[in-house]
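Novice: here you go, sequence then predicted model.
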Amino acid sequence: MNIETVKVENKNYYIVNELEANNNLYLYLVNENDNSDIIIRKKVIINDEEFLTGLDDEEEFNMVMKLYLERFSN
Amino acid sequence: MENKELLEKIKKNSIGENKRDKYITTTKKISKALISTLFAVVFSVSMIACSNVNKNFDYESVESSFQEYNQNKEIDMSLVDQYLIAYRSRVYEYIVSSGIDNESIREGTTTIEDYKAVLDLSEDDLVFYYNLLGKQECEKVVQALGYKNWNDFLTRNNHLNELGNPEFKEWTNSEYREITKIMREEKVR
């Protein structure tokens, strides 16, 4: 099976899922060397270049977690 | 690491607009088992996060169903959590082993055509898809099986309530029966 990886803070992460909400694309990432190292990023475009940035606050974090659970449980 | 501690770590590492990296991807080949594990890991974290925000999230219905089917008032709910996570992992592994492209599932753009590879699946197997993909997405699976929509499927398979209308009640219960079965098998070992 093929899976995409992305480099975040010089570490490689598997892109486990990508989900869209509120015009943002959120990425659920797991470190390829450590399953407990999980991070969420959102994709942004700055000057025609794509970046991954951290979430704004805890509220956005909770929303993104809920989104994942809803997507895969109901 | 405790759930709460793990969640705090993930939250800390995810929040912060100053965290910024160029989006450059590469493709790697990994095993089906690892894909299942990754999915289960993120799913379990989302479950922990949601239960942390809303204490009644999901667990109440799980508990009542277990009491209904197992008649066991002393169920270890932390064990139930583990089995739910394991169950989702199994669901995902099943999907992957059915030959459906993982990329399609991730992007949620799977078409009815993609599901035609699973035309021989049983109703129980369809429950797996329902639980993983959700009602809307799984309707494509149902259509690939030759039904018009969910109501058509439920009606033709006699999933009706007392008023004769199609409903998902039995399906919801079957998920818990499956978990109960796994737990019983685990106890026997």
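Specialist: Great, that's in hand.
Novice: hang on, A:Arg41 packs against A:Leu52?
Specialist: Yes. Counting by Cβ atoms under 8 Å, A:Leu52 is a contact partner of A:Arg41 at 4.0 Å. No exception for glycine: its C-beta is placed from N, CA and C like everyone else's.
Novice: give me the common contacts of these two.
Specialist: A:Val8, A:Leu27, B:Asp21 (Cβ atoms under 8 Å, 6 or more residues apart in numbering or on different chains).
Novice: chain neighbours aside, what residue packs nearest to the first one?
Specialist: Nearest residue to A:Val8, sequence neighbours excluded (Cβ to Cβ, 6 or more residues apart in numbering or on different chains): B:Asp21, at 5.0 Å.
Novice: and that neighbour, what element?
Specialist: Assessed by DSSP states H and E, B:Asp21 sits inside strand B:20-22.
Novice: before we move on, back to that, what's the burial count for the residue nearest to A:Val8?
Specialist: 17 (other Cβ atoms under 10 Å in any protein chain shown).
Novice: which ones are touching it?
Specialist: Residues in contact with B:Asp21, defined by Cβ under 8 Å, 6+ apart, are A:Val6, A:Lys7, A:Val8, A:Glu9, A:Arg41, A:Phe51, A:Leu52.
Novice: report pLDDT for the residue nearest to B:Lys19 when sequence neighbours are not counted.
Specialist: Leaving aside its sequence neighbours, B:Lys19 sits nearest to A:Gly54 (Cβ to Cβ, 6+ apart; 3.4 Å). A:Gly54 carries a pLDDT value of 95.
Novice: alpha carbons of the helix or strand bottoming out on mean pLDDT in chain A, as PDB, please.
Specialist: When each helix and strand of chain A is scored by mean pLDDT, DSSP states H and E, helix A:58-73 comes last, with a mean of 81. The C-alpha coordinates for helix A:58-73 follow below in PDB (Å, rounded to 0.1, in the frame of the first residue of the first chain):
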ATOM      1  CA  GLU A  58      -8.100  24.700  21.400                       C
ATOM      2  CA  GLU A  59     -11.500  25.400  19.900                       C
ATOM      3  CA  GLU A  60     -10.300  24.600  16.500                       C
ATOM      4  CA  PHE A  61      -8.500  21.500  17.800                       C
ATOM      5  CA  ASN A  62     -11.600  20.200  19.400                       C
ATOM      6  CA  MET A  63     -13.600  20.800  16.200                       C
ATOM      7  CA  VAL A  64     -11.100  18.900  14.100                       C
ATOM      8  CA  MET A  65     -11.100  16.000  16.500                       C
ATOM      9  CA  LYS A  66     -14.900  15.900  16.400                       C
ATOM     10  CA  LEU A  67     -14.900  16.100  12.700                       C
ATOM     11  CA  TYR A  68     -12.700  13.000  12.400                       C
ATOM     12  CA  LEU A  69     -14.800  11.000  14.800                       C
ATOM     13  CA  GLU A  70     -18.000  11.900  13.000                       C
ATOM     14  CA  ARG A  71     -16.600  11.200   9.700                       C
ATOM     15  CA  PHE A  72     -15.600   7.700  10.600                       C
ATOM     16  CA  SER A  73     -18.300   6.700  13.100                       C
END
